[in-house]
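*Asks:* Based on what follows, work out the 3D shape:
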Amino acid sequence: MIISIANPIYDAVFKYLMEDNRVAKTVLSALLQKEVAEVEMRKHEYTNGTRDKISMFRIDFGAKVRQDDGSLKLVLIELQKTWLETETLRFRQYLGTQYANPDNILKDNNPNGYGIPMITVYLLGHRVGEIEEPVLYVRHKSYNYDGVEVTKGMPDPFVESLVHDSIIVQIPLLHGRVNNRLVEVLSVFDQTNKDGNNRQVLNIDEDAYRGDAEMEHILHRLLAAASDSKLRQDMNVEDEYFSAIETRDTAIMKRDQRIAEQDAQLEEQSAQLEEQSAQLEEQSAQLEEQSAQLEEQSAQLEEQSAQLEEQRAALLFSAKAMKTAGIPVEQIAEMTKLPIEQIASLGIDR
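*Replies:* Numbers count the residues shown, from 1 in each chain. From the prediction side, this is the model:
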């Protein structure tokens with residue numbers, strides 16, 4: 001049977017859900033792949049109350065997790081949920097605050113002041129890059145200089161005080177992929193089940209969880225949230241906020257698109273101007289080359305003219321000498337190819 005439950009992607013609903021100790025154990029056990037025997041929501045939870053930039057919801061849990069040998073290990077679980085994409089600096093700033101918090105130091109039998117081992121969980125309403133896995137486990141290990149894993153003496157409380165493991169959940173990739181306990185638990189976040197007319201509601205087939213007491217309890221909790229007037233009001237406030245964010249982001253997207261188009265046009269114009277400039281430079285180079293060729297030809301012509309003038313002067317000198325020697329003008333003209341009139345006009349040296 002299809003039932004309508006409150007959408008736990010909303011901060012108000014998620015907080016209401018995780019405040020239930022039994023639900024918190026179920027969700028965290030599925031995430032850690034180990035039994036969470038005890039869990040306590042710590043006194044400070046952080047939400048973006050002003051909602052001036054982006055919705056980010058955080059809850060801290062102290063949990064005792066059963067180890068393979070049956071012992072219980074105290075860990076600090078930092079759960080952060082965001083629906084919109086955000087820069088990682090926000091996550092890092094929050095982690096820095098947690099590392100610096102003296103309340104996160106082990107109190108008993110801890111003379112060296114070691115910190116409580118930390119595990120960070122990110123529930124993301126968006127995808128991360130090209131990663132296809134809906135759930136990503138990022139675990140730290142220690143290696144020696146040669147790249148061989150160090151196991152002796154590990155885990156060490158000093159090392160665990162300085163590093164942490166992470167679990168990243170990409171909610172958009174959860175749809176229709178129920179193939180393990182974690183994905184089964186997280187399937188109540190599957191946004192493909194949103195009601196067509198009201199995104200505050202998910203339509204879930206409760207028969208898919210029949211016989212699973214923990215999942216039935218989660219559905220019962222979300223069913224109760226759907227009928228809670230205070231929670232519905234809180235969801236309306238979140239919707240108003242997201243609507244404003246979507247309007248702002250749409251305006252920013254259109255502005256960025258216009259800027260990108262203008263930049264593309266400017267780049268095209270710049271490319272055209274560069275091409276024209278290159279053509280002009282090429283033409284200028286060609287003109288300079290032609291000018292140099294003309295100058296060279298002019299110099300050659302001047303040289304030839306000088307040579308001709310020198311030859312003419314030599315002929316005139318010879319013609320004058322022959323005329324002075326009494327050689328007939330006609331004979332001189334035949335010999336020098338000079339006009340008779342020009343030879344006749346030459347004076348005779350005495």
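*Asks:* next structured bit after the strand or helix carrying residue 294?
*Replies:* Residue 294 is part of helix 229-324 when elements are defined by DSSP states H and E. Stepping forward along the backbone from helix 229-324, the first helix or strand reached (DSSP H and E) is helix 329-336.
*Asks:* Residues in contact with the helix or strand that that next one is followed by: which ones?
*Replies:* Sequence-wise, the next helix or strand downstream of helix 329-336 (DSSP H and E) is helix 340-344. Helix 340-344 has contacts (CB atoms under 8 Å, 6 or more residues apart in numbering) with 316, 319, 323, 329-330, 332-333, 336. Using the backbone N, CA and C atoms, a C-beta is placed for each residue, glycine as well.
*Asks:* neighbour-wise, which of those residues leads?
*Replies:* residue 332 (23 neighbours; other CB atoms under 10 Å).
*Asks:* wait, what's in contact with it?
*Replies:* 319, 322-323, 338, 343.
*Asks:* between the residues you listed, which is closest to residue 198?
*Replies:* The closest of these to residue 198 turns out to be residue 338 (CB to CB; 118.3 Å).
*Asks:* Enumerate every residue touching that closest one.
*Replies:* Here residue 338 is in contact with 315-316, 319, 332 (criterion: CB under 8 Å, 6+ apart).
*Asks:* so residue 95 touches residue 60, yeah?
*Replies:* No: Residue 95 is beyond contact range of residue 60, at 11.4 Å (criterion: CB atoms under 8 Å).
*Asks:* Between the two, which is the more surrounded one?
*Replies:* Between residue 95 and residue 60, residue 60 has the larger neighbour count (other CB under 10 Å), namely 22 against 16.
*Asks:* Check whether the nearest residue to residue 27 once chain neighbours are set aside sits in a helix, strand or coil.
*Replies:* Closest residue to residue 27 apart from its sequence neighbours, by CB to CB, 6 or more residues apart in numbering: residue 185 at 5.8 Å. With DSSP: H, G, I helix; E, B strand; the rest coil as the basis, residue 185 sits in helix.
*Asks:* how many neighbours does residue 185 have?
*Replies:* Residue 185 has 22 nearby residues by other CB under 10 Å.
*Asks:* pLDDT score assigned to residue 342?
*Replies:* Looking at residue 342, its pLDDT reads 83.
*Asks:* Low-confidence ranges, this protein, go.
*Replies:* Scanning the chain for pLDDT under 70 picks out 43-56, 83-90, 94, 176-179, 241-250, 348-350.
*Asks:* all helices of the stretch 51-200 of the chain, in order?
*Replies:* With DSSP state H, counting those that start in this stretch as the criterion, the stretch 51-200 of the chain has helices at 88-100, 157-160, 181-186.
*Asks:* ok so, going back, greatest separation within the contacts of residue 338: which pair is it?
*Replies:* Farthest pair in those, by CB to CB: 316 and 332, 10.6 Å.
*Asks:* OK, contacts around the residue nearest to residue 27?
*Replies:* Here residue 185 is in contact with 26-27, 30, 214-215, 218 (criterion: CB under 8 Å, 6+ apart).
*Asks:* can you tell me which of the contacts of residue 332 lies nearest to residue 181?
*Replies:* Using CB to CB, the contacts of residue 332 come closest to residue 181 at residue 338, 122.4 Å.
*Asks:* For residue 307, see how far away residue 81 is.
*Replies:* As judged by CB to CB, to the nearest Å, residue 81 and residue 307 stand 98 Å apart.
*Asks:* Am I right that residue 35 is in contact with residue 28?
*Replies:* No: applying CB under 8 Å as the test, residue 35 and residue 28 come out as separate, 9.7 Å apart.
*Asks:* Overlap in contacts, residue 95 and residue 60.
*Replies:* residue 78.
*Asks:* can you pull the contacts of residue 329?
*Replies:* 323, 340, 343-344.
*Asks:* and the two most separated of these?
*Replies:* The widest separation within those (CB to CB) is 11.1 Å, between 323 and 340.
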